[in-house]
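S.K.: what follows is a predicted structure for the sequence shown.
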Amino acid sequence: MNRKIHTVFENGVFRPTEPVDLPEHAEVEFEITLPEPRRKPEIDDVYALLGQRYDSGQEDVAARHNQHQP
């Protein structure tokens, strides 16, 4: 049986972040894969995001600024 289980390493022990249906003291083998570290957005990323809003076709987005306010 192969199954991917997300775990957290705490105090020298791998702790699953979700319930695992295994008998007590079951022996398992697993492969460690570390997630890619999140990178800080670069200024080019910010301009790309702002450009998406600019290219959206909506003309006066400032007029809707407080639309979500009660």
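M.R.: Received, thanks.
S.K.: for the chain, just list every one of the strands.
M.R.: 7-10, 13-16 (DSSP state E).
S.K.: of all these, which one is nearest residue 41?
M.R.: strand 7-10 (25.9 Å; CB to CB). Where C-beta positions appear, they are placed from N, C-alpha and C, glycine not excepted.
S.K.: and the residue nearest the centre of the chain?
M.R.: The residue lying closest to the centre of the chain (CA atoms, centre = their mean) is residue 38, at 9.0 Å.
S.K.: nearest to residue 52, of the strands of the chain?
M.R.: In terms of CB to CB, the element of the strands of the chain nearest to residue 52 is strand 7-10, at 34.7 Å.
S.K.: in its sheet, what does the closest one sit against?
M.R.: Here strand 7-10 has these sheet partners by DSSP bridges: strand 13-16 (antiparallel).
S.K.: make a markdown table out of the strands of the chain and add mean neighbour count, distance to residue 43 and mean pLDDT.
M.R.: Shown next, in a markdown table, are those (neighbours: other CB atoms under 10 Å; distance: least, CB to CB, whole Å; pLDDT from 0 to 100):
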| stretch | mean neighbour count | distance to residue 43 | mean pLDDT |
| --- | --- | --- | --- |
| strand 7-10 | 10 | 33 | 91 |
| strand 13-16 | 10 | 39 | 91 |
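S.K.: report the separation between residue 47 and residue 23.
M.R.: 55 Å (CB to CB, to the nearest Å).
S.K.: hmm, I typed the wrong one, I wanted residue 14.
M.R.: 17 Å.
S.K.: next: residue 6.
M.R.: Counting by CB to CB - residue 6 and residue 23 are separated by 21 Å.
S.K.: those two - which one has more neighbours?
M.R.: residue 6 (8 against 5; other CB atoms under 10 Å).
S.K.: correct me, but that one touches residue 20?
M.R.: No: Residue 6 is beyond contact range of residue 20, at 10.5 Å (criterion: CB atoms under 8 Å).
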